[in-house]
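Novice: 3D model of this:
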Amino acid sequence: MSHYIYAYSTQHYFENHIKNNELPWIKIGSTINIPQKRIREQDKTANPEVLNLIKYWETPHSDHEIHRILETDFGVLRVRDGREWFACTIDKVDSAINMIKNGIPRPDSYLMRDEQREAVEKAISFFRKGGKTFLFNAKMRFGKTFAAYQLMKRLSAQKILILTYVPVAVDQWATDLDRHIDFENYKFLYALDFDKNNPINFSKKKGNVLFASFQDILGNDLNSVPKAKWAKILDQHYDLIIIDEAHWGYGTLRAEQIMKKLSYDKLLLMSGTPLHLLMSGDFTIDDTYTWSYMDEQKKRSDEEKTNWQTENYKWLPKMNLFTYELGEQILNHVSNYSSNEGPNLASFFASNDSKSFVNKAAVEKWADLLWTEDERIFPSPFNNNITSNKLNHLFWFLSGVNSINAMAKFLREHYRFKDYQIVIAADNNEGAGADTLLNVRKAILSAPNKKTITLSCGKLTMGVTIKEWNSVFMLSNTESPEQYWQTVFRVQSSNKADNKTECFVFDFEPNRAFKMIYSYNEILAKKGVSTIQTIREFLDCMKVLAYSDNKLVNIDEKKIVSCGINPDESIKKFESKRTTHIVKFDQAIYDMLKHIKGVKNKIFESELTKSPIDEGEDLRNSRLKIKVMKKKSEYIESLRQKIISIIKNLPVFMFISDEKEECLEDILKTKEMKLF
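Specialist: Residues are numbered from 1 along each chain as shown. Below is the predicted model:
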């Protein structure tokens, strides 16, 4: 027979107390019945309000044991005449449960999901075979932080350094380590808590996890001389270094200079969109674990078929992408760009003074159409039969600060948006304070109508979770797949409290949206699976609709491919470093490449121009070591360029050859060897 501990409260005792910055009051009891049934029996018996079940635990321990720990160990007070009501958070109850079950007074004790376990096991296997660098290519909401910590624990790592160019992610890293029972023997250190007068010191009693940003190490010094407080840290040897949000800045020469100064055994790179890293050719299926949106949603679909016997994936919302063209009824009011340019969102929402739009009349027409009630005129986001009444907390992504300030003023004055509190997450955050994430969370909690629109041109697009967001408006010109998908996936955060099972993307540049879908699937296609097959799987998991002929229509893979494949860009992809992976070369290959002239690769050149630091500069290594490392790097790169010079000519060869080549083997065994 099952035995449960349950916790319930009322709106007044729970929500109202929290709003007034008071501890909520929670009733903690036990039952052998289903907790929901037990609460229904108590409803309205000495309780004037409806009782809301907060959480329950299946455990053999009695409620009296929980009460004792809350009072004795945690100093929690009984309320309501000393009955089974306590003034505390649900975290305290979780901690009391874990204190009894595991002897550790921490609130979290959840296990890894199957895919997290797979990622950790694959990384461990790779490292045990002598590998040095592994990549977690896993979309947002995978739980990369938790998986990385589990990997850390499995490796028995004691000195861990986490580096990122996105320091706002520190909250997630600190929370996962400090709350979970698995990491009790580790101490979290944040580099910004230290300075030259208070240098960073590692604990000798616990494992040490130091979180720092590349910016903090380097400051504004273009010569990459680290800050004084880092002098000792750079001399340490680390068991594991973790690079968070590795797609952002890790490939720059400034970041490379820091990595050369560090001594470590193993390196873990993590990103939800490491598209550039994957195109670099430096990673293969052996040193990468991939978890995509499609993988996640397949798990969710399987779970739904069991009538949600578990809820591991239920609260990972399904996405819906709506695309709209800025039609003639809007563009007729535009004066800021010529018809030859086509719809351009940056120009459309341009502002010269941060107070008003250059195309004010066109933006007004656009805003009016967003609320049109007649779907025959326009299937508006706020009134169509799919999204109506679901858009409560919105994230709008624009091209610049001027546009954001003008949009904030515009929305606050527009009668249709009177129910929404407008939040600026850009520049100085409208004077609300430097902590952008905290400002937005406060606004969401205090919004009178529980509706907000957050305006950003870059802030809060990486490394943060705002669970209340359920839709994003893409109003910028970004053509970067990394930035696009990092932004879009912000609104897919779990939010069980609001019963959030789906979320929405509204993009006003349809062709750009289709290109982003193509790029995402082309790069993430798994071994043996074609891009078009991957796109089909993607469309099974994400509904993509386009406004056409006065109605929303489903988009198929043919439309995505037609927009995604550009002949010039496709040929350029033969020059990508992704086509080569320098691992093992025998003498025959060296001889074959000896007389091949290499070509300069555009991707490689763009990497070199990202930083003013001269390659090879290293303050810790001897000049001889620098010279050897530089020569080795240049030699490998020259081999890569020789190979690319051959590969880039394959499309031309296939075009002029009389033979029909359907695969690489056909090319290698061609009868037209002279032409080849």
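Novice: thinking Tyr289 is in contact with Gln116, fair?
Specialist: No: at 9.7 Å, Tyr289 does not count as touching Gln116 under the criterion of C-beta atoms under 8 Å. For glycine as for every other residue, the C-beta is placed from the backbone atoms N, C-alpha and C.
Novice: What does the pLDDT read for Tyr324?
Specialist: At Tyr324, the pLDDT value in this model is 90.
Novice: try Ile644
Specialist: For Ile644, the model assigns a pLDDT of 76.
Novice: did I read that right, it in a strand?
Specialist: No: if the criterion is DSSP: H, G, I helix; E, B strand; the rest coil, then Ile644 is helix and not within a strand.
Novice: what's around it, how many residues?
Specialist: In terms of burial, Ile644 registers 24 neighbours under the definition other C-beta atoms under 10 Å.
Novice: swap in the one 10 residues further on?
Specialist: For Met654, the tally of surrounding residues (other C-beta under 10 Å) stands at 15.
Novice: And Ala231, by the same measure?
Specialist: Using other C-beta under 10 Å, Ala231 has 12 neighbouring residues.
Novice: now do Glu373
Specialist: For Glu373, using other C-beta under 10 Å, the count is 11.
Novice: which residues touch the closest residue to it other than its chain neighbours?
Specialist: Of all residues not flanking Glu373 in the chain, Asn383 sits nearest, at 5.0 Å (C-beta to C-beta, 6 or more residues apart in numbering). Applying C-beta atoms under 8 Å, 6 or more residues apart in numbering to Asn383 gives the contacts Trp371, Thr372, Glu373, Glu375.
Novice: and Asn383, backbone torsions?
Specialist: The phi/psi pair for Asn383 (degrees, to the nearest 10) reads phi -140, psi 0.
Novice: check contacts around Lys299.
Specialist: Contacts for Lys299 were tallied using C-beta under 8 Å, 6+ apart; they are Glu115, Asn312, Tyr313.
Novice: Need the pLDDT of the residue nearest the centre of the chain.
Specialist: Closest residue to the average C-alpha location of the chain: Met140 at 3.7 Å, with C-alpha atoms, centre = their mean. Note for Met140: predicted pLDDT of 87.
Novice: tell me the SS of it?
Specialist: Three-state assignment for Met140 (three-state DSSP): coil.
Novice: same question, Tyr250
Specialist: Three-state call for Tyr250 (three-state DSSP): coil.
Novice: what about Val488, how many neighbours?
Specialist: By other C-beta under 10 Å, the residues close to Val488 number 26.
Novice: Am I right that it falls within a helix?
Specialist: Yes: the assignment for Val488 is a helix, going by three-state DSSP.
Novice: what are the phi and psi angles of the nearest residue to it once chain neighbours are set aside?
Specialist: Once flanking residues are discounted, Val488 sits nearest to Val505: 5.3 Å by C-beta to C-beta, 6+ apart. Note on Val505: its backbone torsions stand at phi -120, psi 130 [degrees, to the nearest 10].
Novice: going forward can the numbers begin at 31, since that is how I track them
Specialist: OK, 31 is where the count begins now, so the last one is Val535.
Novice: hang on, Val535 packs against Met349?
Specialist: Yes: the criterion here is C-beta under 8 Å, and Val535 meets it with Met349 at 6.4 Å.
Novice: For the stretch 531-680 of the chain, which segments count as helices?
Specialist: Secondary structure of the stretch 531-680 of the chain by DSSP state H, counting those that start in this stretch: the helices cover 540-554, 561-571, 587-594, 597-602, 617-623, 632-638, 653-677, 680-686.
Novice: and the ones you listed, which one is worst for confidence?
Specialist: Averaged per stretch, pLDDT over these is lowest on helix 632-638, reaching a mean of 35.
Novice: what's the residue nearest to Val518 in contact with, if anything?
Specialist: So Val535 contacts Met349, Asn350, Leu351, Phe352, Ser501, Val502, Met504, Val518, Val521 (C-beta under 8 Å, 6+ apart).
Novice: If we use 6 Å, what do you get?
Specialist: Val535 makes contact with Leu351, Val502, Val518, according to C-beta atoms under 6 Å, 6 or more residues apart in numbering.
Novice: The first one: how many residues sit nearby?
Specialist: This means Leu351. Neighbour count for Leu351, taken as other C-beta under 10 Å: 23.
Novice: Backbone dihedrals for it, please?
Specialist: Phi and psi for Leu351, reported as degrees, to the nearest 10, are phi -110, psi 120.
Novice: Do I have it right that it meets Val574?
Specialist: Yes: here Leu351 reaches Val574: they are 4.7 Å apart, a contact under C-beta atoms under 6 Å.
Novice: Which positions within stretch 49-59 qualify as buried?
Specialist: Of all the residues in stretch 49-59, those buried under the rule 16 or more other C-beta atoms under 10 Å are Leu53, Pro54, Trp55, Ile56, Lys57, Ile58, Gly59.
Novice: For Asp206, state which of the contacts of Val535 is nearest.
Specialist: Nearest to Asp206, judged by C-beta to C-beta, of those is Val518 at 23.8 Å.
Novice: measure the closest one to Ser668 for me?
Specialist: 39 Å (C-beta to C-beta, to the nearest Å).
Novice: Please apply the same query to Glu71.
Specialist: Separation of Glu71 from Ser668 (C-beta to C-beta): 78 Å.
Novice: Repeat that for Leu185.
Specialist: When C-beta to C-beta is the yardstick, Leu185 and Ser668 sit 35 Å from each other.
Novice: More neighbours: which of those two?
Specialist: Between Leu185 and Ser668, Leu185 has the larger neighbour count (other C-beta under 10 Å), namely 19 against 12.
Novice: Find the nearest non-adjacent residue to the more buried one, please.
Specialist: Leaving aside its chain neighbours, Leu185 sits nearest to Leu270 (6.2 Å; criterion: C-beta to C-beta, 6+ apart).
Novice: what's the helix or strand for the one you found?
Specialist: Applying DSSP states H and E as the criterion places Leu270 in strand 267-274.
Novice: what does that strand rub up against?
Specialist: With C-beta under 6 Å, 6+ apart as the test, strand 267-274 has contacts from 178, 182, 187-194, 199, 280, 293-300.
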